[in-house]
Structures are given as structure tokens and as C-alpha cells.
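Asker: Sequence first, then the predicted structure, then my questions.
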Amino acid sequence: MKIVYLTPKSSFRENLRSDTLWGLICWGINTVYSKETLDNFIADHKEGKVFKISSTYRFFREDENETLLFPKPILEPIDINRYFEENKISEKEKKASVIKSLKDYKKVKFIDKETFEKFLTGELNESKYFFSNLWDKKIPNFNREDVLHNQINRLTNTTEEGALFSTSELFANNGGLFFLMDGTEEHLKLATGALNFFSHVGFGGDSSIGKNHFDIKIDDFTFKKIENPNAFISLSLYSPKKEEITEYKKSRNYFWYELEARKGKFGGQFIKAKNFWKDSVLLFKEGSVFPNLNSQNYGRNIQVMKYDDMNIYQFGYAFNLPIKIMEKQ
């Protein structure tokens, strides 16, 4: 497993999800190597040789310390009424205080690596983490600014009155983004070549005007070993196979998730296609948890359009990590 640090050279937009990253790497392989190399790379997935990639998350550096943030696992919600009954809490003021804290807790979407691994090993669940008050600590953040732009009329090459729009951009002084990738030695070599290419040309949106440019650093990476996992968590967007869904429905205690519809554009900076919208797909969000099916790979790539002689795919494989869900007490 490799970790890829993206240290920004400029402002950037936090929109690098796993499907976007996989698409960029595919274009990079096509550009740096060849279309044949890309075709073989995609075909490998159907043969079980899957290149896995997570979405990007934030990291921060302070002196010699480094903080990596991961999505808080989506697990069984806290049964607050059960808590009140078991602890014989009946006073309205005490109940209101706990409920207010619970509302604040639900805003916590990311946790540091140490806490994340405690969820993986089964030391923590939603209830234990909430009532420990460990979550109520300040996490570093990026500066976000709304930047005003002029809309240009491409026919007259002039700005138009009243045609202003704004974009939300992030600035990171002591950190950046990171993601994880895993696969065969050959796949990792191809991905590294593609990423080095993007370190020069920028990662997608507005790279031509200096946005989304990063320095890249790649290191080895591991998590704690999980003993007797009963589920897995995905750090990427995930589109399961039909047979996987059938199995998940049998194990509701280990099946907690959120869904998101994704509809992307094709080509971007590489091909200016007239019909650029890909088919919409419904994916499980990062942090979703699923029953362990003792499989090495979960998910699939979905064909979402065809352009000339190219079949265009939406990446839907899980970046799966084993997790041991704490049993109810």
C-alpha cells in the first residue's frame, strides 16, 4: 500500500474523489505511455488484478508531527433514548444537554489516524466515542475563500456586465491532501508515472490558470493488523456487484452506509467532447461499512458512455480495509 501526499503549490478545490483520481490516472497512462497500455490496465480489473485508489483526505504538519484525517466510520447510530433509560436520566435539562452535544457530534466527519485505527480494531463504536468526549477537540483546518471571477464572452473575448461568479478555493500553509493506492507492482509503476505527469500540468479543474497544482511525494503505508474482522470499510466511492448486495442484506448488523449520486464530465483538459456528460451512477460514500465476505476485491467498474472507439468507465471498486465492529453491550 502506498500513500500519496499532495502538497499544494497554490489554491485548490477539494473535489478529488476516488473516481476522479482514477480517471485522471487513466488519462495520465494514456498520455505518458499509450492507449494500448491503458486498455490493458483497464482490462486487468476484469481479471481480478484491481488497482485500488481512495479519495483524497487532509493532512497537516506541525514541527515534526503529522496528522492524517480519515472519514469517521458510518456505524449504527446512537440510541439516545436507550441511554436515557439505562442511566435513568429524566431531567429535561440533562436530556437537552446530551441532545445538544449529539447534534454537535454528528457534524464530526473526520478523525485522526490513531482514532480511526481504534474504530478498525473494535476499541471504539459510535456510542463509546461520543460519550468519551474524545471527539470534542479542535482539528486543524484549511483556509477557505470565495474568489470572484469575470465571465468571458468567448465570441467577443470581453467581459459582460453582471456576469460575475465566485468559486470556493482552499489554501493550506502546513498541509495538503493525501490518498492511498494499492495494486500490482506494474499498476503502481504506471500510476506513479501518471502522477508525475500531473505534478507538471496540474490536477484537472482550472489547472491552466494555476489552480490544483501539487508537489507529489509517495511513501509506503500500513495500518494496524486487525484480528478477526467481521466487516470492511471503504475509503473510496463504491459500486458493489449484485451478488455482493445480496450478501450484505443478510448481515444487517454490519451494513451501515450513505449513498451519493455521481454524474461527471468526460474528457476535461484532454478531449473537448461535445457530448461530455457521463451517465449518472449511485455509489456508496466513503466511510460506509459492509459485511466481510472474505474477498480481496469488492466492486466493479461501470461503463457510463462510449466515445468513438473508447469505452468510458466509472471507477467503483472499494478501497477496502478490514474492521472489527464492536458488538452491542
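Answerer: Arrived safely.
Asker: can you pull up the bridge partners for residue 321?
Answerer: Per DSSP bridges, the residues bridged to residue 321 are residue 233.
Asker: ok, now which ones touch it?
Answerer: Counting by Cβ atoms under 8 Å, 6 or more residues apart in numbering, residue 321 makes contact with 120, 223, 226, 232-235. Bear in mind the C-beta positions are built from the backbone N, C-alpha and C, glycine included.
Asker: Highest neighbour count among those residues?
Answerer: For the contacts of residue 321, counting by other Cβ atoms under 10 Å, the largest number of neighbours falls to residue 234: 30 neighbours.
Asker: Now do it against residue 30, distance only.
Answerer: Distance, residue 234 to residue 30, by Cβ to Cβ, to the nearest Å: 26 Å.
Asker: tell me the SS of residue 39?
Answerer: helix (DSSP: H, G, I helix; E, B strand; the rest coil).
Asker: ok, now the one 3 residues further on?
Answerer: Assigned with three-state DSSP, residue 42 falls in the helix class.
Asker: Okay, helices next: where are they in the stretch 1-150 of the chain?
Answerer: Using DSSP state H, counting those that start in this stretch, the helices found in the stretch 1-150 of the chain span residues 18-32, 35-46, 80-86, 92-105, 113-121, 126-132.
Asker: whoops, I mixed them up, the stretch 151-300 of the chain
Answerer: Along the stretch 151-300 of the chain, counting by DSSP H, counting those that start in this stretch, helices occupy 185-201, 242-248.
Asker: ok, and which of those has the densest surroundings?
Answerer: Most buried of the helices of the stretch 151-300 of the chain, by mean neighbour count (mean count of other Cβ atoms under 10 Å): helix 185-201, with a mean of 17.
Asker: average pLDDT across that helix?
Answerer: Across helix 185-201, pLDDT averages out at 93.
Asker: burial of the spatially closest residue to residue 258 that is not a sequence neighbour, as a residue count?
Answerer: Once flanking residues are discounted, residue 258 sits nearest to residue 285: 4.4 Å by Cβ to Cβ, 6 or more residues apart in numbering. Residue 285: 18 surrounding residues under other Cβ under 10 Å.
Asker: Quick one: residues contacting residue 285.
Answerer: 74, 237, 257-260.
Asker: repeat for residue 54
Answerer: 18, 179-181, 235-236, 286, 319.
Asker: Settle this for me: residue 178 is touching residue 5, isn't it.
Answerer: Yes. Using Cβ atoms under 8 Å, residue 178 is in contact with residue 5, at 5.1 Å.
Asker: between the two, which one's more packed in?
Answerer: Per other Cβ under 10 Å, whichever of residue 178 and residue 5 has more neighbours is residue 178, with 22 against 19.
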